[in-house]
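Engineer: Kindly generate the corresponding structure for this input.
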Amino acid sequence: GSVSLEEFETLFDVARLQRIFEEIDEDKSGTISEMEMRAALKKMGVSVSAGDAKRMLRSVDTSGDGVISWDEFLKAFQNVPLASLESIANRWANMGGLDTGSDLSPPLPNAGIYMWQTVIAGGMAGVCSRTATAPLERMKLAAQTRGLSSVAAMQEFRSVLRREGARGLFTGNLTNCLRVFPTGAITCTIYFQLLALTPADNDVDSMEP
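Structural biologist: Next comes the predicted model:
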């Protein structure tokens with residue numbers, strides 16, 4: 001029988017993954033150990049801790065035997081387009097929930113996030129940030145308007161606590177939160193909308209940042 005184009009592409013992708021698997025499997029045991037995985041990452045100049053390596057291994061090791069078989073490797077990475085050692089490392093790090101800095105691309109946000117979720121997330125992040133820094137904001141304004149030194153500002157801080165209690169440090173914070181919520185919501189939403197327009201989608205290599 002003939003082989004369809006789709007079947008040919010699948011065979012080609014599997015063969016590509018097989019070569020990557022064999023490249024990582026240095027001792028040719030038919031499985032990938034934690035040390036072999038770390039060695040493969042080190043070739044790309046990426047160092048991961050023992051704890052991070054164990055998490056990465058567990059994210060693929062569905063049988064729990066401490067090594068990665070070919071079947072487990074194929075199941076985990078068969079959907080990586082144009083698979084390469086680097087793209088596999090990216091996906092593997094993302095599956096393990098690791099932040100490897102600039103050495104590997106960070107995980108992309110979930111494409112299924114709704115606009116109302118980005119509005120709430122951005123707005124609440126702004127509110128939390130403003131609330132956490134409200135006492136410092138009040139002291140900064142006092143220092144600027146009265147020309148207070150750092151020592152005098154600390155004395156003012158203690159004075160406010162004595163006169164008004166801890167709540168006094170957050171005077172006017174509600175107004176600030178009402179102002180910062182839409183700002184954070186708009187910023188977060190626009191960021192996600194622009195991110196959706198970048199080449200990091202399912203039509204291009206999803207491992208690209």
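Engineer: which secondary structure elements does the helix or strand of the chain with the lowest mean pLDDT contact?
Structural biologist: Scoring the helices and strands of the chain by mean pLDDT, DSSP states H and E places helix 85-95 at the bottom, with a mean of 75. With contacts defined as 3 or more C-beta pairs under 8 Å, 6 or more residues apart in numbering; DSSP states H and E, the secondary structure elements packing on helix 85-95 are helix 5-24, helix 34-43, helix 50-60, helix 70-77. Where you see a C-beta, it was placed from the backbone N, CA and C, and this is true even at glycine.
Engineer: can we see that at 7 Å?
Structural biologist: Secondary-structure packing of helix 85-95 (3 or more C-beta pairs under 7 Å, 6 or more residues apart in numbering; DSSP states H and E): helix 5-24, helix 50-60.
Engineer: how far is the following helix or strand past it from where the chain is centred?
Structural biologist: Secondary structure here is assigned by DSSP states H and E; on that basis, the next helix or strand after helix 85-95 toward the C-terminus is helix 115-132. With C-alpha atoms, centre = their mean, to the nearest Å as the basis, the distance from the averaged C-alpha position of helix 115-132 to the chain average is 18 Å.
Engineer: helices or strands next to helix 115-132 in the packing?
Structural biologist: helix 173-196.
Engineer: Report the buried residues of the helix it packs on.
Structural biologist: Taking 16 or more other C-beta atoms under 10 Å as the neighbour-count basis, helix 173-196 is seen to contain the buried residues Asn173, Asn176, Cys177, Val180, Phe181, Gly184, Ala185, Cys188, Thr189, Phe192.
Engineer: quick one: contacts of it?
Structural biologist: Contacts of helix 173-196 from elsewhere in the structure, counted by C-beta atoms under 7 Å, 6 or more residues apart in numbering, are 109, 113, 115, 118-119, 121-123, 125-127, 130-131, 134.
Engineer: I'd like the distance from it to the chain centre, please.
Structural biologist: A distance of 20 Å separates the centroid of the chain from that of helix 173-196, by C-alpha atoms, centre = their mean.
Engineer: export it as PDB, just CAs?
Structural biologist: Extracted C-alpha coordinates of helix 173-196, given in PDB (Å, rounded to 0.1, in the frame of the first residue of the first chain):
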ATOM      1  CA  ASN A 173      -5.400  54.100  49.500                       C
ATOM      2  CA  LEU A 174      -8.900  53.400  48.300                       C
ATOM      3  CA  THR A 175      -8.700  56.300  45.800                       C
ATOM      4  CA  ASN A 176      -5.300  55.100  44.600                       C
ATOM      5  CA  CYS A 177      -6.700  51.600  44.100                       C
ATOM      6  CA  LEU A 178      -9.700  52.900  42.100                       C
ATOM      7  CA  ARG A 179      -7.200  54.700  39.900                       C
ATOM      8  CA  VAL A 180      -4.700  51.900  39.500                       C
ATOM      9  CA  PHE A 181      -7.100  49.100  38.800                       C
ATOM     10  CA  PRO A 182      -8.100  50.200  35.300                       C
ATOM     11  CA  THR A 183      -4.400  51.000  34.500                       C
ATOM     12  CA  GLY A 184      -3.300  47.500  35.500                       C
ATOM     13  CA  ALA A 185      -6.200  45.900  33.700                       C
ATOM     14  CA  ILE A 186      -5.500  47.700  30.500                       C
ATOM     15  CA  THR A 187      -1.800  47.100  30.600                       C
ATOM     16  CA  CYS A 188      -2.200  43.300  31.200                       C
ATOM     17  CA  THR A 189      -5.000  42.900  28.600                       C
ATOM     18  CA  ILE A 190      -3.000  44.800  25.900                       C
ATOM     19  CA  TYR A 191       0.100  42.700  26.600                       C
ATOM     20  CA  PHE A 192      -1.800  39.500  26.100                       C
ATOM     21  CA  GLN A 193      -3.500  40.700  23.000                       C
ATOM     22  CA  LEU A 194      -0.200  41.800  21.500                       C
ATOM     23  CA  LEU A 195       1.400  38.400  22.600                       C
ATOM     24  CA  ALA A 196      -1.300  36.600  20.600                       C
END
